[in-house]
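A.B. asks: no sequence for this one, just the structure:
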């Protein structure tokens, strides 16, 4: 019968604490498992991650390639089949914000491009940055309108031409 005074841990569930520097019979005697001499044996004697004792570390030996473009913009790609689902749910004004609200576009995007995959039968008013020719033809044939948003021009430094 299980009683409070008979409860104990399963065999192997608990371990004894490692007692460092408590005599040679303990297995962790005079040097406390740190070995003899050297930086790692001293108190506070550790080095930062990646340090290789003065040798050029691996993270500096390997060449660095590429870069992350801070001006890169993310494009949300939407097919006509997605717009058909949007229209069947009662939507008629298609913008990036309305597509995010209804859950067709998930994530953070800066620009919207409409691709011509699928069929569109309902009339929509579309506002996007880019529309493929096939998608544009189907939207207009269904009686919809397209408002293309202009992309901002690059305003970086121009190279001066030397004559």
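C.D. replies: All right, it came through fine. In this text, all values refer to a predicted model and were calculated from it rather than measured experimentally. Residues are numbered from 1 along each chain as shown.
A.B. asks: Can you tell me the element residue 137 falls in?
C.D. replies: Taking DSSP states H and E as the definition, one finds residue 137 inside helix 133-141.
A.B. asks: which regions of the chain lie under the pLDDT threshold?
C.D. replies: 154-163 (pLDDT under 70).
A.B. asks: what residue is smack in the middle of it?
C.D. replies: In the chain, the residue lying closest to the centroid (CA atoms, centre = their mean) is residue 107, at 11.1 Å.
A.B. asks: picking that back up, packing partners for the helix holding residue 137?
C.D. replies: helix 80-88, strand 111-115, strand 145-148 (3 or more CB pairs under 8 Å, 6 or more residues apart in numbering; DSSP states H and E). From N, CA and C alone the C-beta is placed, and that goes for glycine too.
A.B. asks: which residues touch the closest residue to residue 45 other than its chain neighbours?
C.D. replies: Sequence neighbours aside, residue 39 is the residue nearest to residue 45 in space, at 4.4 Å (criterion: CB to CB, 6 or more residues apart in numbering). Residues near residue 39 by CB atoms under 8 Å, 6 or more residues apart in numbering: 45, 46, 47.
A.B. asks: Thanks a lot, see you next time.
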